[in-house]
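Asker: Here is my input; please provide its structure:
(2 chains)
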Protein chains: 2
Amino acid sequence: MKNPSTLEELIAALRCLPGVGPKSAQRMAFHLLQRDKPGAHRLAGALSLALERIRHCEKCNSYAEEAVCTLCRSPRRDATLLCVLETPADLLMMEQAQCYQGLYFVLMGALSPLDGIGPREIHLDRLVRRATDGIVRETILATNFTVEGEATAHYVGELLRAKGIKATRIARGLPVGGELEHVDSGTLAQAVMERRDI
Amino acid sequence: MKNPSTLEELIAALRCLPGVGPKSAQRMAFHLLQRDKPGAHRLAGALSLALERIRHCEKCNSYAEEAVCTLCRSPRRDATLLCVLETPADLLMMEQAQCYQGLYFVLMGALSPLDGIGPREIHLDRLVRRATDGIVRETILATNFTVEGEATAHYVGELLRAKGIKATRIARGLPVGGELEHVDSGTLAQAVMERRDI
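Answerer: Numbering: from 1, shown residues only, chains lettered A, B, ... in the order given. Model prediction:
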């Protein structure tokens, strides 16, 4: 036996992190033990605390420490707008872009029947209840422009429209600073198809 | 505030891992919370256990759970040979190569005066005591062929020879399967300089 089993277990446990293979896991374990024991203590504590405290916000379904998150409770947000996203990371990107003052609903995924992810798994019943609260006037579908994201936007759009809720989709087109010469033809074709008056 | 503070702290704590920047840390945190809570529990436990249990072997200075590690206690190892290495990762590589049946001493670093790493920091007093136990006949210096590793091998070699202990250095040259056309000129020059009879 070359490694003590506690070390083997630490290396194996580090591999649960995305993108960490056997070599990286070993490097991380040795780094923590040799150069950053306070960091290892901190990480162990942060993991335990996060597992204990973090749950889903009852309103927006993103991560929160309280029943309803600070963003959903904020009086400064426009409660007539509801933006539908796939993940909490997408929510962070939206907030960083500082382009939106409404509220959110995070699906925690996208429809993918082959992976067993149906309407129930992405909490569409809760989304419908949330969107039909009498205050929301428009839902903005901001799922990804992938096959799953597009299918989800289409499905959710039909569902909400059937309930009399207006549903819009974020625009597809050339990125800011994009040049026709370097953009992929699919994006260019969409940008032409979805052209608008100036 | 966009993320609950416990989540922010988890993301910050994950950045103590080598090679993990803000984006990866966020991805790791979301992955653990969304898809691998058992993995997060396991990692928190493994970290705590490792911090509590893992210490340095009294004989070889590598990681161990007991005062003297299983490798140092093994009766099947050749106690007349002592291989000197920089890190426990190097020890694992040596064992994987299955080319050596002796014992080890791990310096946990290499001499680097500019970084404040002197003879004391790499435990040379302990190495000398270990090598002069009356059983060791030869010390094999297997530090890296970097500036620090070479300086360390030179210094340790002088130190041990002064105590009457034979010190050898692992060979430098072309790697197995190496082709002259593709090898760097420094390595080729060394391979010619250190040529041997066949």
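Asker: CA only for contacts and neighbour counts going forward, please
Answerer: OK.
Asker: show me the contacts for the closest residue to chain B within chain A.
Answerer: Residue of chain A nearest chain B, by CA to the nearest CA: A:A44 (4.5 Å). For A:A44, the contacting residues are B:43-45, B:47-48, by CA atoms under 8 Å, 6 or more residues apart in numbering or on different chains.
Asker: Phi first, then psi, for A:L81.
Answerer: phi -110, psi 130 (degrees, to the nearest 10).
Asker: how about the nearest residue to it, chain neighbours excluded?
Answerer: A:G102 (4.8 Å; CA to CA, 6 or more residues apart in numbering or on different chains).
Asker: Burial check on the one you found, number of neighbours?
Answerer: Here the count is done by other CA atoms under 10 Å in any protein chain shown, and A:G102 has 19 residues near it.
Asker: Tell me if I'm right that A:F105 and A:L81 touch.
Answerer: No - the criterion here is CA atoms under 8 Å, and A:F105 misses it with A:L81 at 10.4 Å.
Asker: which of those two has more neighbours?
Answerer: A:F105 (28 against 19).
Asker: and the helix or strand encompassing the more buried one, what other elements does it pack with?
Answerer: Assigned by DSSP states H and E, A:F105 falls within strand A:102-106. The contact analysis (3 or more CA pairs under 8 Å, 6 or more residues apart in numbering or on different chains; DSSP states H and E) places strand A:102-106 against helix A:70-73, strand A:78-85, helix A:88-97.
Asker: before we move on, the earlier item: okay, the angle between the strand or helix carrying the residue of chain A closest to chain B and helix B:37-53?
Answerer: With elements taken from DSSP H and E, the one containing A:A44 is helix A:37-53. For helix A:37-53 against helix B:37-53, the angle by axes from the mean of the first three to the mean of the last three CA atoms, to 10 degrees is 140 degrees.
Asker: Can you give me the buried ones in helix A:37-53?
Answerer: A:39-51 (16 or more other CA atoms under 10 Å in any protein chain shown).
Asker: ok so, going back, run the angle between the strand holding A:F105 and strand A:78-85 for me.
Answerer: 30 degrees.
Asker: Give the next helix or strand downstream of strand A:102-106.
Answerer: With secondary structure assigned by DSSP H and E, strand A:102-106 is succeeded by helix A:124-131.
Asker: Can you list the strands that the strand holding A:F105 pairs with?
Answerer: strand A:78-85 (parallel) (DSSP bridges).
Asker: now what about the strand it pairs with, what contacts it?
Answerer: Counting by CA under 8 Å, 6+ apart, A:91, A:101-108, A:131, A:135-143 sit against strand A:78-85.
Asker: Filter those residues down to the buried ones.
Answerer: A:91, A:101-108, A:131, A:136-143.
Asker: check contacts around the most centrally placed residue in chain A.
Answerer: The residue lying closest to the centre of chain A (CA atoms, centre = their mean) is A:T87, at 1.1 Å. Counting by CA under 8 Å, 6+ apart, A:T87 makes contact with A:62, A:106-109.
Asker: and if we set it to 7 Å?
Answerer: Going by CA atoms under 7 Å, 6 or more residues apart in numbering or on different chains, A:T87 touches A:106-109.
Asker: Near chain B, which residues of chain A? Just list them.
Answerer: Neighbours of chain B within chain A, by CA under 7 Å from any CA of the partner chain: A:1-2, A:4, A:6-7, A:9-10, A:13-14, A:16-18, A:28, A:39-40, A:42-44, A:46-50, A:64-65, A:71, A:92.
Asker: Domain-wise, how is chain A divided?
Answerer: Per automatic domain parsing, the domain ranges recorded for chain A read A:5-53, A:77-169.
Asker: hey, which of the ones you listed is tucked in deepest?
Answerer: domain A:5-53 (a mean of 19; mean count of other CA atoms under 10 Å in any protein chain shown).
Asker: returning to what we had before: could you export the contacts of A:A44 to TSV, including columns for pLDDT?
Answerer: Below are the contacts of A:A44 laid out as TSV (pLDDT from 0 to 100):
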residue	pLDDT
B:L43	96
B:A44	96
B:G45	95
B:L47	95
B:S48	95
